[in-house]
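Undergrad: build me a structure from this.
(one chain, ligands or ions: 1)
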Amino acid sequence: MKRPRFIAQQSSHPQGLVGNVIARIMAAETVPENLHALSLLELQAGDRFLDIGTGHGSALLKAAQSCELDLAAGIDPSTVMVNLASRRARVATTTVDIQIKQATVASIPFPDRSFNKLLTVHTIYFWDELRRGLEEIFRVTAPGGLFVSCFRPGEDQSFRDSFPDGIYQKHSKTDVLNATQRAGFTLARNADHPSDERLKPLAFVVAKKPVGVL
Ligand SMILES: C[S@@+](CC[C@H](N)C(=O)[O-])C[C@H]1O[C@@H](n2cnc3c(N)ncnc32)[C@H](O)[C@@H]1O
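TA: Reported below is the predicted structural model:
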């Protein structure tokens, strides 16, 4: 069964009261993939972390509470999401510098090479342009930095059948791997999670910006 269009629209850009409700449901639903993606980043004290399409900010706050990061930043184009994540950050128990900004992946409001650990979970479907987004992520990644993306791949028939076209762009895993490499990253390792039923349908791409490349 196709997911209703208005729910899909809200997932792509949460708005108003409904958006607030969807955000809370989403925060609960995407815990396993965010935890797996965070584990792949192997966060350490001193890291500079960016969550692209941070939404409700759960992964961002988890990262900020995991160790003494130098910076934990999140971007999201949705006002509802930025407000929600900012409210949650204000009351979170952490001393880490948390910055949440309203922006899309196409124009990340941070200088070149600002981050060495970057994450995006369930957002690439909504980017205007995959290539532009990955190039922009590459720009803000420091040499040697790691970038993890998690998404439902277009090869998955049930994903293709149940999520409405026009809102969800169903990129194949091959296309994402190729576009990630074309942006300048090297692919670090296959990080899918075939043994966990909940994570099985998801693709996890771990990419590294080569040392010595600006
Ligand atoms: C399905 S939610 C995922 C939120 C969170 N990352 C998670 O795993 O629960 C998609 C998020 O991507 C954001 N988004 C939509 N278009 C975006 C874009 N072009 N750049 C960055 N984020 C975007 C939406 O506002 C929304 O908060």
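
Undergrad: what does this structure have sitting close to the ligand?
TA: Residues of the chain lying close to the ligand (Cβ under 6 Å from any ligand atom) are 11-14, 26, 30, 34, 52-55, 76-78, 81, 104-105, 121-123, 126-127. (C-beta placed from N, C-alpha, C; glycine too.)

Undergrad: again, only this time at 8 Å
TA: 11-14, 23, 26-27, 29-30, 33-34, 51-56, 58-59, 75-78, 81, 103-106, 120-123, 125-128, 133, 150 (Cβ under 8 Å from any ligand atom).

Undergrad: now, these that are in strands?
TA: Using DSSP state E to define strands, the subset of the residues of the chain next to the ligand located there is 51, 52, 75, 76, 120, 121, 150.

Undergrad: tell me the one of those residues nearest residue 169?
TA: Sorting these by distance to residue 169 puts residue 120 at the head of the list, at 14.0 Å, by Cβ to Cβ.

Undergrad: so what's that closest one closest to, chain neighbours aside?
TA: Spatially, and ignoring its direct neighbours in sequence, residue 120 is nearest to residue 52 (4.1 Å; Cβ to Cβ, 6 or more residues apart in numbering).

Undergrad: top of the ones in strands among the residues of the chain next to the ligand by number of neighbours, please.
TA: residue 51 (31 neighbours; other Cβ atoms under 10 Å).

Undergrad: that residue is in contact with residue 117, isn't it?
TA: No. At 9.6 Å, residue 51 and residue 117 do not qualify as touching, with contact defined as Cβ atoms under 8 Å.

Undergrad: re earlier: can you turn the buried part of the residues of the chain next to the ligand into a ChimeraX selection?
TA: Only the buried entries of the residues of the chain next to the ligand go into this ChimeraX selection, using 16 or more other Cβ atoms under 10 Å:
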select :11,12,14,23,26,27,30,33,34,51,52,53,54,55,56,58,59,75,76,77,78,81,103,104,105,120,121,122,123,125,126,127,133,150
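
Undergrad: ok, which stretches of the protein are strands?
TA: Counting by DSSP E, the chain has these strands, from start to end: 48-52, 71-76, 98-102, 115-121, 141-151, 186-190, 203-208.

Undergrad: the ones you listed: lowest mean pLDDT?
TA: Here the strands of the chain differ in mean pLDDT, and the lowest is strand 186-190 at a mean of 85.

Undergrad: just the CA trace of that one, in PDB.
TA: What follows is strand 186-190 as a C-alpha-only set of coordinates in PDB (Å, rounded to 0.1, in the frame of the first residue of the first chain):
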ATOM      1  CA  THR A 186      36.700   7.000  -1.300                       C
ATOM      2  CA  LEU A 187      34.400   4.200  -0.200                       C
ATOM      3  CA  ALA A 188      35.600   3.000   3.200                       C
ATOM      4  CA  ARG A 189      33.700  -0.300   3.600                       C
ATOM      5  CA  ASN A 190      30.400  -2.100   3.200                       C
END
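
Undergrad: circling back to that earlier point, name the residues contacting each of residue 51 and residue 117.
TA: Counting by Cβ atoms under 8 Å, 6 or more residues apart in numbering, the shared contacts of residue 51 and residue 117 are residue 63.

Undergrad: alright, that wraps it up for me.
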